[in-house]
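In: Take this sequence and fold it.
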Amino acid sequence: MSDTNDVQEEWSRMVEQMNDAVADSVEQNMEAQAAFMESWADAVEDSVPEEDTISEGFQGYNRAYEVWMDAAERMFERSSEAAAGEDIDPSEFRDIWLQSANEAFKEVMSTSAFAAANGQLVESMLEMRQEADEIGQDTIAQLGFPTRDDMDEVAERIVELERRQHDIEQKLDRILDAVEE
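Out: Have a look, this model is predicted:
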């Protein structure tokens with residue numbers, strides 16, 4: 001009788017661990033979805049895309065949501081099968097979520113709304129970089145050091161001096177050749 005109780009306790013512990021693992025996976029999945037949508041919303045909040053773009057973006061998100069829900073359903077089915085005694089490799093659960101994440105992100109990333117948001121993000125980053133460069137150049141100038149513009153001007157002058165020197169050398173060579181003849 002003790003053996004039966006031990007088996008039941010072991011089984012209960014295993015099912016509880018699997019349920020906890022599934023619950024943790026679902027929670028992490030939902031947190032990842034929320035973080036993704038939050039970052040996506042942040043990227044597009046400064047621009048108002050066209051209605052078609054918005055509609056396509058929501059359709060992509062809906063397709064991604066369906067992928068996540070299918071994954072949750074498959075997880076539930078596999079958990080039920082494990083609880084029924086089927087031998088299931090735990091890596092199957094990980095693989096379901098990884099595959100679903102890839103599919104869901106592909107659904108969202110293939111939309112023109114995502115492309116527009118990325119374009120806006122890149123444009124904003126380039127503007128920030130330009131502003132940072134200008135601030136850096138102003139700071140360098142205020143410290144009395146040569147700026148990039150100063151260095152470019154010096155480089156142009158050196159190139160011009162080298163060109164003139166080359167011209168003078170050629171003229172001298174012609175004069176020397178004429179004198180020697």
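
In: So this protein: which segments form each domain?
Out: 2-137, 146-180 (automatic domain parsing).

In: got those domains as CSV, with mean neighbour count and mean pLDDT columns?
Out: In this view, the C-beta of every residue, glycine as well, is placed from N, C-alpha and C. Output for these, formatted as CSV (neighbours: other CB atoms under 10 Å; pLDDT from 0 to 100):
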stretch, mean neighbour count, mean pLDDT
domain 2-137, 14, 77
domain 146-180, 10, 94
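
In: any idea how far residue 113 is from the nearest residue to residue 71 once chain neighbours are set aside?
Out: Using CB to CB, 6 or more residues apart in numbering and skipping the chain neighbours, the partner closest in space to residue 71 is residue 100 (3.5 Å). Per CB to CB, to the nearest Å, residue 100 is found 21 Å from residue 113.

In: swap in residue 15?
Out: Counting by CB to CB - residue 15 and residue 113 are separated by 42 Å.

In: what's the answer for residue 84, then?
Out: 43 Å.

In: Same check on residue 125?
Out: Distance from residue 125 to residue 113, by CB to CB: 19 Å.

In: which non-adjacent residue is nearest residue 81?
Out: Closest to residue 81 by CB to CB, 6+ apart is residue 88, at 6.3 Å.
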